[in-house]
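Asks: Got a sequence here, can you model it:
(chains A and B)
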Amino acid sequence: KQEVTQIPAALSVPEGENLVLNCSFTDSAIYNLQWFRQDPGKGLTSLLLIQSSQREQTSGRLNASLDKSSGRSTLYIAASQPGDSATYLCAVRANNNDMRFGAGTRLTVKP
Amino acid sequence: SQTIHQWPATLVQPVGSPLSLECTVEGTSNPNLYWYRQAAGRGLQLLFYSVGIGQISSEVPQNLSASRPQDRQFILSSKKLLLSDSGFYLCAWSSSGWYEQYFGPGTRLTVT
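Replies: Predicted structure coming up:
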């Protein structure tokens, strides 16, 4: 059974700092991996999707990498801003409809 | 562009009462549809998914059920709510090929 772990559970950084969020998974036979952002009391917003054949995806200040062999993905946020404060979730899809989520990393960016 | 709607946004229901949450998707056809529950301090738990009208798969045994009466409509129901049904319910959709999931705004359910 696929298990997804996100470390750290919470992170607080000063504005302008570059940061890395980590996601690990136990079964490397994945179809894709998706990073989401969730603001308090809101739904999830898709940030980046990495297919199993890809190594990384970029969108603006965000860069996500995938290393299937080691069961790891990282989300890199450059030049963090207070508006980046949210919970970041990674989710791994193992087949057509089996998607497992991590518990998330709660990020606070201090002005 | 595609949009996904959920209602109601919040709901407070007594134990033993029925439940009906609705999710609709616009701007796409034949989507895969999903219901998730997010309990306080916990990750998302997949409850049901559907690949077509009338096709429902359940991930966990519980007193909830799901139905898909139309291509872009997904309904989560219960005949009798339990206290443990409280949580944040999220509907999501994906295309049949790409599998990137898009989530609705969620429904906050409190069972009292």
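
Asks: With adjacent residues omitted, what lies nearest to residue 54?
Replies: Just going to use chain A. If the residues on either side of it in the chain are set aside, A:Q54 comes closest to A:L66, at 6.5 Å by CB to CB, 6 or more residues apart in numbering or on different chains. Quick note: C-beta positions are derived from backbone N, CA and C, even for glycine.

Asks: could you do chain B instead?
Replies: Distances taken as CB to CB, 6+ apart place B:R68 nearest to B:G54, at 6.2 Å, with adjacent residues excluded.

Asks: would that neighbour count as being in a strand?
Replies: Yes - counting by DSSP: H, G, I helix; E, B strand; the rest coil, one finds B:R68 located in a strand.

Asks: need the residues of chain B near chain A, please.
Replies: B:6, B:32, B:34, B:42-44, B:46, B:49, B:51, B:57, B:88, B:90, B:92, B:98-106, B:108 (CB under 8 Å from any CB of the partner chain).

Asks: Just the buried residues of those residues.
Replies: By neighbour count, with 16 or more other CB atoms under 10 Å in any protein chain shown, the residues of chain B next to chain A hold B:6, B:32, B:34, B:43-44, B:46, B:49, B:88, B:90, B:92, B:99, B:101-104, B:106 as buried.

Asks: Mind checking which of those residues are in strands?
Replies: Using DSSP state E, the members of those that fall in strands are B:Q6, B:N32, B:Y34, B:L44, B:L46, B:Y49, B:F88, B:L90, B:A92, B:Y102, B:F103.

Asks: Let me have those residues in a markdown table, adding pLDDT as columns.
Replies: Compiled in a markdown table, those are given as follows (pLDDT from 0 to 100):
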| residue | pLDDT |
| --- | --- |
| B:Q6 | 97 |
| B:N32 | 92 |
| B:Y34 | 94 |
| B:L44 | 91 |
| B:L46 | 90 |
| B:Y49 | 90 |
| B:F88 | 95 |
| B:L90 | 97 |
| B:A92 | 96 |
| B:Y102 | 94 |
| B:F103 | 96 |
